[in-house]
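>>> Here is a sequence together with a model predicted from it:
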Amino acid sequence: MSDGKQFTLYSHKSGPNGWKVAAFLEELGLSYETIFLDFQKGEQKAPEHTKFNPNGRIPTLIDHKNGDFVIWESNAILTYLAETYDKEGKFSFSSGLEKYQQLQWLFFQASGQGPYFGQGFWFKLFHSEKIPSAVERYQNEAKRVISVLEGVLSKSEWLVGDKYTIADLSFITWHVGAVNALLENYDISKEAPHVDAWAKKIQARPAVAKVFAEKAAAAK
């Protein structure tokens with residue numbers, strides 16, 4: 001076991017997906033050690049990591065108290081942690097129709113928000129050639145995803161049922177990144193006020209605030 005910690009989390013200092021897993025571990029009060037992989041050196045693709053995660057991406061989580069069980073893909077990790085360590089359902093639904101609604105939002109985050117926002121960041125910040133039409137496309141898709149959330153959150157406080165769950169948490173790191181760095185001339189308090197209020201409530205949670213502070217420190 002890593003330094004007596006229950007989990008080892010392979011992550012990246014700025015990558016959104018690893019930090020949302022860290023936030024849920026904090027919410028659950030579970031101990032973990034984070035190993036930040038240097039993408040510039042290709043550490044995520046090195047055998048030392050791909051022996052755990054053949055996709056060579058982050059996050060990857062190892063549960064040392066469950067036979068060194070390894071799981072990757074951030075929303076699969078959230079689901080595993082919820083079903084294994086949130087037996088009281090404080091942060092999740094494990095039965096009823098809400099279980100499937102929760103799964104619906106986790107799929108939407110993974111298939112909608114993550115890829116579109118990620119491509120937006122890539123073409124705006126990292127692509128060797130500046131392609132304004134690509135940046136515009138993914139900025140518009142980011143706004144569309146936010147509008148989907150706004151439509152739901154204008155009618156309910158949380159995405160599923162009457163409580164904060166892993167469905168809500170799954171969106172927050174990408175959302176904050178987009179509002180701060182991807183979208184230009186976009187006032188979310190006016191364009192999507194319910195999403196803005198929802199995101200601020202999540203960020204104000206002690207576990208989430210702690211992780212965002214650690215993320216900011218790691219980026220320096």
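All right, it came through fine. Numbers count the residues shown, from 1 in each chain.
>>> just checking, what packs against the helix or strand where residue 102 lies?
Assigned by DSSP states H and E, residue 102 belongs to helix 96-108. When contacts are defined as 3 or more C-beta pairs under 8 Å, 6 or more residues apart in numbering; DSSP states H and E, helix 96-108 packs onto helix 74-85, helix 166-177. The C-beta positions use only the backbone N, C-alpha and C, and glycine is treated the same way.
>>> For residue 203, find the nearest of those helices.
Among these, the nearest to residue 203 by C-beta to C-beta is helix 166-177 (6.9 Å).
>>> what's the next secondary structure element after the closest one?
Once the chain leaves helix 166-177, the next helix or strand it forms, by DSSP H and E, is helix 188-191.
>>> Would you mind identifying the next helix or strand past that following helix?
helix 193-204.
>>> what helices or strands is the next helix or strand after that following helix leaning on?
The helix or strand immediately downstream of helix 193-204 is helix 206-218, counting by DSSP H and E. Counting contacts by 3+ C-beta pairs under 8 Å, 6+ apart, helix 206-218 packs against helix 16-28, helix 166-177, helix 193-204.
>>> ok, back up a step: now, of the helices and strands packed on helix 96-108, which is deepest in the fold?
Per residue and on average, the most neighbours among the helices and strands packed on helix 96-108 fall to helix 166-177, with a mean of 25 (mean count of other C-beta atoms under 10 Å).
>>> For the helices and strands packed on helix 96-108, could you give me TSV that also reports mean pLDDT and distance to residue 6?
Formatted as TSV, those follow (pLDDT from 0 to 100; distance: least, C-beta to C-beta, whole Å):
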stretch	mean pLDDT	distance to residue 6
helix 74-85	98	9
helix 166-177	96	18
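>>> Where does pLDDT dip in the protein?
Applying pLDDT under 70 to the chain picks out residues 1-2.
>>> how close does the residue of it most remote from its centre sit to residue 173?
The C-alpha centroid of the chain is most remote from residue 129, which lies 27.8 Å away (C-alpha atoms, centre = their mean). For residue 129, the distance to residue 173 equals 27 Å [C-beta to C-beta, to the nearest Å].
>>> domains in the protein, as residue ranges please.
When the chain is parsed with automatic domain parsing, its domains come out as 2-90, 96-207.
>>> and residue 218, which of those domains is closest to it?
domain 2-90 (4.3 Å).
>>> now that closest one: how far from the chain's centre is it?
Per C-alpha atoms, centre = their mean, to the nearest Å, the displacement of domain 2-90 from the mean C-alpha position of its chain is 12 Å.
>>> related to what we said a few turns ago, tell me which residues are up against the helix holding residue 102.
Outside helix 96-108, the residues that touch it by C-beta atoms under 8 Å, 6 or more residues apart in numbering are 75, 78-79, 92-93, 148, 159-161, 165-167, 170-171.
>>> what residues are up against residue 176?
199, 203, 212.
>>> top of these by neighbour count?
Within the contacts of residue 176, most neighbours by other C-beta atoms under 10 Å means residue 199, with 21 neighbours.
>>> Could you tell me how far the nearest residue to residue 175 once chain neighbours are set aside is located from residue 168?
Spatial nearest neighbour of residue 175, excluding adjacent residues (C-beta to C-beta, 6 or more residues apart in numbering): residue 199 at 5.6 Å. Using C-beta to C-beta, residue 199 is found at 9 Å from residue 168.
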